[in-house]
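A.B. asks: Here's my sequence, what's the structure:
(one chain, ligands or ions: 1)
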Amino acid sequence: MASSRTLGTFRLPPLPTIREIIKLFRLQAVKQLSQNFLLDLRLTDKIVRKAGNLTNAYVYEVGPGPGGITRSILNAGVAELLVVEKDSRFIPGLQMLSDAAPGKLRIIHGDVLTFKIERAFPESLKRQWEDDPPNVHIIGNLPFSVSTPLIIKWLENVSQRNGPFAYGRTRMMLTFQKEVAERLTATTGSKQRSRLSIMAQYLCNVQHILTIPGQAFVPKPETGCAEDHAGDQQQHGRNDPKVDGSSRLVFVALWNRRVQKVCYDLLCVPHSRY
Ligand SMILES: C[S@@+](CC[C@H](N)C(=O)[O-])C[C@H]1O[C@@H](n2cnc3c(N)ncnc32)[C@H](O)[C@@H]1O
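C.D. replies: Reported below is the predicted structural model:
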């Protein structure tokens, strides 16, 4: 195994740009899979830097798509990056990245909602809940269509200390449409305060990290993509004709707290009611 110094200084060799990869493999975005890509590697580098020091880390990326964030994670000197992508069209482009970073990128063609990450990384990474967090991180520009069910599933996993949290207090850096991010971070008394705010903040320290304008994505997200949002409006009885959840996405970091008690009752509510 390479020394930590070598791992920390790894850089990918020159590669086709993400735009060229999209052209080469004809990767037009598919609306049903909430595909909105980040092509600017300076932006993806910035996002990945916000996840903290990833030197020698084990990282789980959700929905790598054409691989912008994936490249930035690999350049951060990780020990291993495991990506789970549902759309098979992206696999050849990711394979190209894997060839450029031998032994570092593991590609799973699968569904993040069912993939079992708890067995994917070495047992030796596991930490007690009360210890410092393990060197395991989750990063993802999440597809809108799965972001709410996924975060609810993961909060349930946090409360039960299983799934990605079988390693300990695994940290997460994830995108959400603006409205969901506002609910995740809403403080007591604010208009956006909801079950999701209470659950997330009971279990984790939740931080708004970065707002990304819609123009940074290709294609720019549309209102129709925000499937979660419809359920949200129903739940809160809001009738706001101008929904801008589509135009901005927000990266939110969730740092699991050392809470002792679980709040399982809250987690049993179907996701459409958060
Ligand atoms: C918003 S795009 C982000 C792509 C890329 N990470 C970026 O930032 O440019 C979401 C990605 O998640 C993938 N995806 C959608 N549903 C998924 C699922 N259930 N499991 C795994 N990947 C999924 C899509 O195919 C797409 O590549």
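A.B. asks: Next, count neighbours for the closest residue to the ligand within the stretch 51-200 of the chain.
C.D. replies: Nearest residue of the stretch 51-200 of the chain to the ligand: residue 63, at 2.2 Å (C-beta to the nearest ligand atom). Every residue, glycine included, has its C-beta placed from N, CA and C. Neighbour count of residue 63, defined by other C-beta atoms under 10 Å: 21.
A.B. asks: contacting residues around it?
C.D. replies: Each residue near residue 63 by C-beta atoms under 8 Å, 6 or more residues apart in numbering is listed here: 84, 85, 86, 112, 140, 141, 142, 143.
A.B. asks: will you turn those into a markdown table that also has distance to the ligand and neighbour count?
C.D. replies: Formatted as a markdown table, those follow (distance: C-beta to the nearest ligand atom, whole Å; neighbours: other C-beta atoms under 10 Å):
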| residue | distance to the ligand | neighbour count |
| --- | --- | --- |
| 84 | 5 | 22 |
| 85 | 5 | 25 |
| 86 | 4 | 19 |
| 112 | 4 | 23 |
| 140 | 7 | 22 |
| 141 | 3 | 25 |
| 142 | 7 | 22 |
| 143 | 4 | 23 |
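A.B. asks: Kindly reformat those residues as TSV containing secondary structure and pLDDT.
C.D. replies: As requested, the contacts of residue 63 are arranged in TSV below (DSSP: H, G, I helix; E, B strand; the rest coil; pLDDT from 0 to 100):
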residue	secondary structure	pLDDT
84	strand	98
85	strand	98
86	coil	97
112	coil	97
140	strand	95
141	coil	93
142	coil	90
143	coil	89
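A.B. asks: Nearest to residue 27 among these?
C.D. replies: When the contacts of residue 63 are compared for distance to residue 27 (C-beta to C-beta), residue 85 wins out at 11.4 Å.
A.B. asks: residues from this protein in reach of the ligand?
C.D. replies: 33-38, 63-66, 68-69, 84-87, 90, 111-113, 141, 143, 146 (C-beta under 6 Å from any ligand atom).
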